[in-house]
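Engineer: predicted model follows, preceded by the sequence.
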Amino acid sequence: GAGVSQTPSNKVTEKGKYVELRCDPISGHTALYWYRQSLGQGPEFLIYFQGTGAADDSGLPNDRFFAVRPEGSVSTLKIQRTERGDSAVYLCASSLTGGSPYGYTFGSGTRLTVV
Amino acid sequence: GQQLNQSPQSMFIQEGEDVSMNCTSSSIFNTWLWYKQDPGEGPVLLIALYKAGELTSNGRLTAQFGITRKDSFLNISASIPSDVGIYFCAGQVRSQFYFGTGTSLTVIP
């Protein structure tokens, strides 16, 4: 597609439930990133994929968070046993190559609310 | 993680005024980026800076990469209502981008 697509745009879930957030990057972009943005803050890095592999997952806050990109395009961010503190906007970005000097193209995000 | 501090935190200006905001870090970055984020949207790249001392313009926007590589500023000239939004700086280390805390800009017509 023309841009980075994220679904759903909004997700409300109960504390303790499992959620999956999807990201469709720009076609041909090999690098894909997940960020989390809390209210009033800048995006915070979670994980970076180069192709199918996670090149850097140092930003994942704990083992409840996991992400996959099995075919090197679509990625899914998975959160187990959600907590209220997980409520945030989860942003996905893609770029032509990792660390592209032209920066990333971001999606519009998925707003996750844990009640 | 890397800490990028932006100032001011928020600005309220009259349409037509010039705006200046800056970003500082205790760490050195090889690339500085400036983004604008509208409500409900992801950040959109405005300007990218790749060399210390570099001054780059994009229309009414001008940004500079500090010579110490620890700071950058963004200027907006002759502000218009559609400049409203949150502006983020970001510094690059390898494949990661670290974002600042944001400057919220309100333009009063």
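Structural biologist: Looks like it arrived, so ask away.

Engineer: give me phi/psi at the residue most central in space within chain A?
Structural biologist: Note on chain A: the residue nearest the mean C-alpha position is A:W34, at 3.2 Å, using CA atoms, centre = their mean. The phi/psi pair for A:W34 (degrees, to the nearest 10) reads phi -120, psi 140.

Engineer: look up how far chain B lies from it.
Structural biologist: 12 Å (CB to the nearest CB, to the nearest Å). Where C-beta positions appear, they are placed from N, C-alpha and C, glycine not excepted.

Engineer: got the residues of chain B near chain A?
Structural biologist: When proximity is defined as CB under 8 Å from any CB of the partner chain, chain B approaches chain A at B:1, B:4, B:31, B:33, B:35, B:40-45, B:48, B:50, B:88, B:90, B:92, B:94-102.

Engineer: of those residues, buried ones?
Structural biologist: Among the residues of chain B next to chain A, the ones that count as buried by 16 or more other CB atoms under 10 Å in any protein chain shown are B:4, B:31, B:33, B:35, B:42-43, B:45, B:48, B:88, B:90, B:92, B:95-102.

Engineer: strands of chain A, start to end?
Structural biologist: If DSSP state E is used as the criterion, the strands of chain A fall at A:5-7, A:10-13, A:19-24, A:31-37, A:44-50, A:53-56, A:65-68, A:75-79, A:88-95, A:105-106, A:110-114.

Engineer: can you lay out those as a markdown table showing mean pLDDT and distance to B:K70?
Structural biologist: A markdown table is the format used below for those (pLDDT from 0 to 100; distance: least, CB to CB, whole Å):
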| stretch | mean pLDDT | distance to B:K70 |
| --- | --- | --- |
| strand A:5-7 | 98 | 33 |
| strand A:10-13 | 98 | 38 |
| strand A:19-24 | 98 | 32 |
| strand A:31-37 | 95 | 23 |
| strand A:44-50 | 94 | 19 |
| strand A:53-56 | 92 | 23 |
| strand A:65-68 | 98 | 31 |
| strand A:75-79 | 98 | 32 |
| strand A:88-95 | 95 | 24 |
| strand A:105-106 | 92 | 25 |
| strand A:110-114 | 98 | 33 |
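
Engineer: the ones you listed into a markdown table, with extra columns for distance to B:N58?
Structural biologist: Shown next, in a markdown table, are the strands of chain A (distance: least, CB to CB, whole Å):
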| stretch | distance to B:N58 |
| --- | --- |
| strand A:5-7 | 26 |
| strand A:10-13 | 32 |
| strand A:19-24 | 27 |
| strand A:31-37 | 23 |
| strand A:44-50 | 25 |
| strand A:53-56 | 29 |
| strand A:65-68 | 33 |
| strand A:75-79 | 30 |
| strand A:88-95 | 19 |
| strand A:105-106 | 16 |
| strand A:110-114 | 29 |
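
Engineer: how far is the helix or strand bottoming out on mean pLDDT in chain B from where the chain is centred?
Structural biologist: In chain B, no helix or strand scores lower on mean pLDDT, DSSP states H and E than strand B:96-99, which sits at a mean of 88. Relative to its chain's centre, strand B:96-99 lies at 13 Å (CA atoms, centre = their mean, to the nearest Å).

Engineer: who does it pair up with?
Structural biologist: Paired neighbours of strand B:96-99 in the sheet (DSSP bridges): strand B:85-93 (antiparallel).

Engineer: can you pull the contacts of B:Q2?
Structural biologist: Counting by CB atoms under 8 Å, 6 or more residues apart in numbering or on different chains, B:Q2 touches B:25, B:27, B:91, B:93, B:98.

Engineer: could you find the closest non-adjacent residue to the last one?
Structural biologist: In space, and not counting its chain neighbours, B:Y98 is closest to B:Q2: 3.9 Å by CB to CB, 6 or more residues apart in numbering or on different chains.
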